[in-house]
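>>> pasting the structure only:
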């Protein structure tokens, strides 16, 4: 059995966050989170972007598609879904690919959740123009 040692790299997490998220998204999230729950923003960056995202096996594009699917399935997480749609655009995904992701999800997560995801995506994509 080949076990990959867990990596938690704060500096790499911040570097990747700069690649994935625009300044507006970062500023809308992390300072307020730090004020509300000191240390939690650092944990998110270190463990998620400096840990989970550093694992081999999935491209950043694939990870973003999974994020869209998971957040749409959860529902009620519009700010996070908006940020991940913006990230998809930053990574070079087309409007058509992003929209089709939500259409594809409809039979799996339910039409109402797919429609809610489409509404979030439409707003985020309109801002990105």
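Looks like it came in fine. Given the structure is predicted, the values throughout are model-derived calculations rather than measurements. Numbering: from 1, shown residues only.

>>> Quick one: residues in contact with the worst-scoring helix or strand of the chain on mean pLDDT.
For the chain, counting by mean pLDDT, DSSP states H and E, helix 23-36 ranks last in confidence among helices and strands (a mean of 89). Under the criterion Cβ atoms under 8 Å, 6 or more residues apart in numbering, residues 17-18, 21, 40-42, 44-45, 79, 83, 86-87 lie in contact with helix 23-36. For the C-beta atoms, the positions are set from N, CA and C on the backbone; glycine is no exception.

>>> what do you get for stretch 98-106?
65, 68-69, 72-73, 85, 88-89, 113-115, 117-118, 121, 125.

>>> Filter these down to the buried ones and express that as a PyMOL selection.
Buried members of those, defined by 16 or more other Cβ atoms under 10 Å, are picked up in PyMOL with:
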select buried, resi 65+68+69+72+85+88+89+113+114+117+118+121+125
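
>>> Got phi/psi on the nearest residue to residue 73 once chain neighbours are set aside?
For residue 73, ignoring the flanking residues on the chain, the nearest one in space by Cβ to Cβ, 6 or more residues apart in numbering is residue 109 at 4.7 Å. When quoted as degrees, to the nearest 10, the phi and psi of residue 109 stand at phi -110, psi -10.

>>> number of nearby residues for residue 109?
The tally of other residues near residue 109 (other Cβ atoms under 10 Å) stands at 19.

>>> circling back to that earlier point, distance between the least confident helix or strand of the chain and the chain's centre?
Per Cα atoms, centre = their mean, to the nearest Å, the displacement of helix 23-36 from the mean C-alpha position of its chain is 15 Å.

>>> Can you give me the buried ones in it?
Within helix 23-36, the residues scored as buried using 16+ other Cβ under 10 Å are 25-26, 29-30.

>>> Quick check: next helix or strand after it?
Downstream of helix 23-36, the next assigned helix or strand under DSSP states H and E is helix 40-44.

>>> need the longest helix for this protein.
helix 111-128 (DSSP state H).

>>> Run the chain-centre distance for that one.
Between the centre of helix 111-128 and the centre of its host chain there is 14 Å, according to Cα atoms, centre = their mean.
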